[in-house]
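mind looking at a prediction? Sequence and model below.
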Amino acid sequence: MSFFFEVLIGGLLSGVMYSLVALGFVLVYKASGVFNFAQGALVFFAALTFVGFQESGLPFWVALPATLGVMIVLAIVIERVVLRPLVNQPQITLFMATIGLSFFIEGMAQMMWGANVRGLELGLQDEPIAWISASTGMNISKFDLAAAGVAAVLVAVLAVFFNRTRIGRALRAVADDHQAALAVGIPLQQIWAIVWGVAGAVALVAGLLWGARNGVQYALTFVALKALPVLILGGFESVPGAIVGGLIIGASEKLAEVYLGPYVGGGIEGWFPYVLALVFLLVRPEGLFGEKIIRRI
Amino acid sequence: MFYREAGQFKPSYAADAAIFPIFQDRIGMAVILALAFVVVPFTATPYLFSAILIPFLILSLATLGLNILTGYAGQLSLGTAAFMAVGAFASYNFMLRVPGMPILLAFAGGGVMAALVGILFGLPSLRIRGFYLAVATLAAQFFILWFLTKVGWITNYSSSGVITAQKMVILGYEFNTPAAKYLLVLSIVALMALAAKNMARGNVGRSWMAVRDMDVAAEVIGIRLMRAKLLAFAVSSFYCGVAGALFAYAYLGTVEPEAYNLDLSFRILFMVIIGGVGTVLGSFLGSAFITLLPVVLSVTVRFLDSSLGLHIPESVISNLELMVFGGLIIFFLIVEPHGLARLWQIGKEKLRLWPFPH
């Protein structure tokens, strides 16, 4: 039984890591209706830039704001160059544009900082916490727990930002109705730049944690593929959905791999979340917390 | 001056609904087909055949398949390559396990298998819409590739999961030279493109477009949603399956499931968007564009490299290509969001007036 709980908790904690990536998707989708496929590339770019700054001799507390600055500049450039000319285009066109964007960012990141795999040290060891394994026999990684803590703080900050600040209210207004927001004098373009900036900041956090866990390498762009089932399970427009979806996907994926994997030859982590999300969507087509789809003629 | 429809009367409904209603279009099409079937086989080099023309035609077919689903029926799919894989591996098994199986029938069988799998993964489309569906089709992409890798029977227990395509023999003639393979692929693609064009103008195509434009309204006017959507998935997957089989038999020769990865799915989606959503012509233009772009890019970069004597390292070149590729896609989406097929529409308007400006 304790093995079950160990797998469950390990899964839940790794689900938090998926949520972090999914959060970036949700933010952009909520505010602009763009399914931002470049989020994975942003995660990669952020992690690579941070490591690049550290390698050039900057200490942690300088490299962090410097990378944040780079991400915000990138967000403003994306808004100017990609989003603004594509206003009012169908959603699929914007989606394709973000795929093009992800190619561009991946190429740019590797051109700037080189393509070799680097380690990223955050001062957190990926090792089991001694007293828990001593008292209950479960191995729970210190790193995962810290990542969950970071995610919780991030979500709390985002919640305050969205609900309590002027910009946050403007963001929600834009998300609700573009035209109405414009009509009451909310500058749409600025808001989009801010949203992409926030998504860039979330990508930075995700990139640091994922980079510290798996090394900063090209494979980091694939974490986006891990976040997609989380996204559809939780609902595209919902921050809590991203968290809950991440937990469900993480836990069930690990449990399936351990208890179901041996019967079918293993390696099911790649598709299991998708099939799970698919089956779930058959019951609730808009995900757990997505906006109810009402269709009229 | 030459491109005028004036005076071309259509005395019957059949003439009005023709695939190419304008006389000049028919001539143009005949010229293109004559060029492709007669001139190109005698003039092109083996490199041109096997590196550009054959993949271009095969990917056009796959693009056509996705265009039927996404462009005509409005169901976004990211699992195209997986359906191609089904077609390829099903054809392989038909050839392997049925003695004396004609190759064309094996291709068709691969297509039918892909269509069945397509219907299965199309079922969620009855409940799920838009990006939710797009992400859900990723389930097909990952699950099918995993399945093909894990089940040894499919790859005939080859240890590495790689299969070698059998010889293509039709009526005793073996298609083994690049030119012969090109002609075979071209014939299949031309026939299937004609069929697609035909479907698009008919009852089926119109019901798809109604579903695409607004499915609730389509249902209200009496289109059976389930039938239309599942038919779109089936036909689209059939096209993709045949394309996948050709990809294995006429282009790669030896394939592993990984050849049909998500990257290929995205490339085909690019071809649809860049070419023009919901046009048969666009499928070919988009495929030509995306197939040629990397070739042109690398030739250009290498030319600049050698002529300027810069000696850019290989890794920088590949990253530069990635950046230019992504940048060009964004650029094209911005300047022509309706795709390259729209450019032909604009050209047509201009041709009608030429040589007068108004």
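Cool, got the structure.

list of residues touching stretch A:176-193?
The contact list for stretch A:176-193 (C-beta atoms under 8 Å, 6 or more residues apart in numbering or on different chains) reads A:31-32, A:75-76, A:79-80, A:83-84, A:167, A:170-171, A:173-174. (Glycine included, C-beta is placed from N, CA and C.)

which ones among these lie within helices?
Secondary structure defined by DSSP state H assigns A:A31, A:S32, A:A75, A:I76, A:I167, A:A170, A:L171, A:A173, A:V174 of the contacts of stretch A:176-193 to helices.

nearest to B:V335, out of those: which one, please.
Nearest to B:V335 out of these is A:S32 (C-beta to C-beta; 21.1 Å).

who touches that closest one in this structure?
Contacts of A:S32 (C-beta under 8 Å, 6+ apart): A:L83, A:V174, A:W192, A:V195.

swap in A:M112?
A:L48, A:T49, A:G52.

look up phi and psi at A:R118.
Main-chain torsions, A:R118, degrees, to the nearest 10: phi -120, psi 150.

measure it to A:F45 for me?
Counting by C-beta to C-beta, to the nearest Å, the gap from A:R118 to A:F45 is 14 Å.

which non-adjacent residue is nearest A:T67?
Nearest non-adjacent residue to A:T67, counting by C-beta to C-beta, 6 or more residues apart in numbering or on different chains: A:F50, 4.5 Å away.

A:L120 is in contact with the one you found, correct?
Yes: using C-beta atoms under 8 Å, A:F50 is in contact with A:L120, at 7.4 Å.

shared neighbours of the two, which are they?
A:L208, A:G211.

so which of those two has more stuff around it?
A:F50 (26 against 19; other C-beta atoms under 10 Å in any protein chain shown).

element containing that one?
A:F50 belongs to helix A:39-55 when assigned by DSSP states H and E.

off-centre distance for that helix?
Offset of helix A:39-55 from its chain centre (C-alpha atoms, centre = their mean, to the nearest Å): 14 Å.

re the thing from before, of the ones in helices among the contacts of stretch A:176-193, which is the most crowded?
A:A31 (27 neighbours).

how about the nearest residue to that one, chain neighbours excluded?
Sequence neighbours aside, A:V195 is the residue nearest to A:A31 in space, at 4.1 Å (criterion: C-beta to C-beta, 6+ apart).

swap in A:G246?
Nearest to A:G246 is A:S19, by C-beta to C-beta, 6+ apart, at 3.0 Å.

quick one: that neighbour from chain B, how far?
16 Å (C-beta to the nearest C-beta, to the nearest Å).

lowest-confidence entry in the contacts of A:S32?
Lowest pLDDT within those is found at A:V174 (81).

surely that one and A:A31 touch.
Yes: counting by C-beta under 8 Å, A:V174 does reach A:A31; the two are 5.5 Å apart.

check the secondary structure at B:V211 for me.
When classified by DSSP: H, G, I helix; E, B strand; the rest coil, B:V211 comes out as helix.

strands of the stretch 1-150 of chain B, start to end?
Under the criterion DSSP state E, counting those that start in this stretch, the stretch 1-150 of chain B carries no strands.

what parts of it come near chain A?
B:70, B:76, B:124, B:127-132, B:134-136, B:138-139, B:142-143, B:146, B:149-150 (C-beta under 8 Å from any C-beta of the partner chain).

what strand or helix carries B:S307?
helix B:280-308.

mind listing what's buried in that helix?
B:280-291, B:293, B:297, B:301 (16 or more other C-beta atoms under 10 Å in any protein chain shown).

in what helix or strand does A:L68 lie?
In this structure, A:L68 sits in helix A:60-78 according to DSSP H and E.
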